[in-house]
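> here's my sequence, what's the structure:
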Amino acid sequence: MHVQKKRFQANKIGTTYVYDFPVMFGRAVLEEWRRFEHTDPKSYRQLLERMPARMQAALRDGEYKCFAQAYEMLLADEEGEIEVCRDEAEMHARAEKGNNDRGMVAWEMELFTPDAPQGRKVVVISNDITFQMGSFSMREHRLYAKVSFWAVLVRGDPLFLSF
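Coordinates of the predicted model:
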């Protein structure tokens, strides 16, 4: 129930709740596949034939999660290294309860698009307006700096979303 309150708070000031961004990316990628099917049917069929069965089924059924995999990046210790949470249950709980401990959230994402069907890594960093009105302090700066450095090391294109 907490997530609805956060969504309302973000919506009230004309923005999106930070934990909804991975879903939005997934839906956008799925829409890109559908657009590709209509604009270049021959290439689409060729890619579809080489696609793993689970992705073919996801495309047919409109399941976006297969095409945009997101893992939250955490900084548990201010002086420590970035940890990537790959536990689906923990990530779901963090999003539902708004368990972030700072006004910034980051994800390692892999997007499977028609132009990168084998996947493209990106790092998405966004401020969370529902956490202390999105204020930016040293805690947010540390996460931003460490995630940006991490992105360079793993060759994930960094994207910063600020709304």
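> state which strand of the chain is the longest.
As assigned by DSSP state E, the longest strand anywhere in the chain is strand 116-127.
> so how far is that strand off the chain centroid?
Strand 116-127 has its C-alpha centroid displaced from the chain centroid by 7 Å (Cα atoms, centre = their mean, to the nearest Å).
> output that strand as PDB, nothing but the C-alphas.
Taking only C-alpha atoms (Å, rounded to 0.1, in the frame of the first residue of the first chain), the coordinates of strand 116-127 have been written out as PDB:
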ATOM      1  CA  ALA A 116      20.600  -4.900 -29.800                       C
ATOM      2  CA  PRO A 117      18.700  -8.300 -29.600                       C
ATOM      3  CA  GLN A 118      21.600  -9.800 -27.700                       C
ATOM      4  CA  GLY A 119      21.200  -7.100 -25.000                       C
ATOM      5  CA  ARG A 120      22.700  -3.700 -24.200                       C
ATOM      6  CA  LYS A 121      23.800  -2.800 -20.700                       C
ATOM      7  CA  VAL A 122      22.800   0.600 -19.400                       C
ATOM      8  CA  VAL A 123      22.900   2.100 -16.000                       C
ATOM      9  CA  VAL A 124      20.000   4.200 -15.000                       C
ATOM     10  CA  ILE A 125      20.300   6.700 -12.100                       C
ATOM     11  CA  SER A 126      17.300   8.800 -11.000                       C
ATOM     12  CA  ASN A 127      16.400  11.100  -8.100                       C
END
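> please identify the buried residues of it?
Neighbour-count burial for strand 116-127, counted by 16 or more other Cβ atoms under 10 Å, picks out 117, 122-127. C-beta: built from backbone N, CA, C; applies to glycine.
> right, and the helix or strand after that strand?
helix 138-154 (DSSP states H and E).
> now do that following helix, average pLDDT.
Summarised as a single mean, pLDDT over helix 138-154 is 87.
> any weak-confidence spans in the chain?
1, 131-135, 137, 156, 160, 162-163 (pLDDT under 70).
> what do you get if the cut-off is 90, keeping everything else the same?
Where the chain drops to pLDDT under 90, the residues are 1-20, 75-82, 88, 90-104, 126-141, 144, 148-163.
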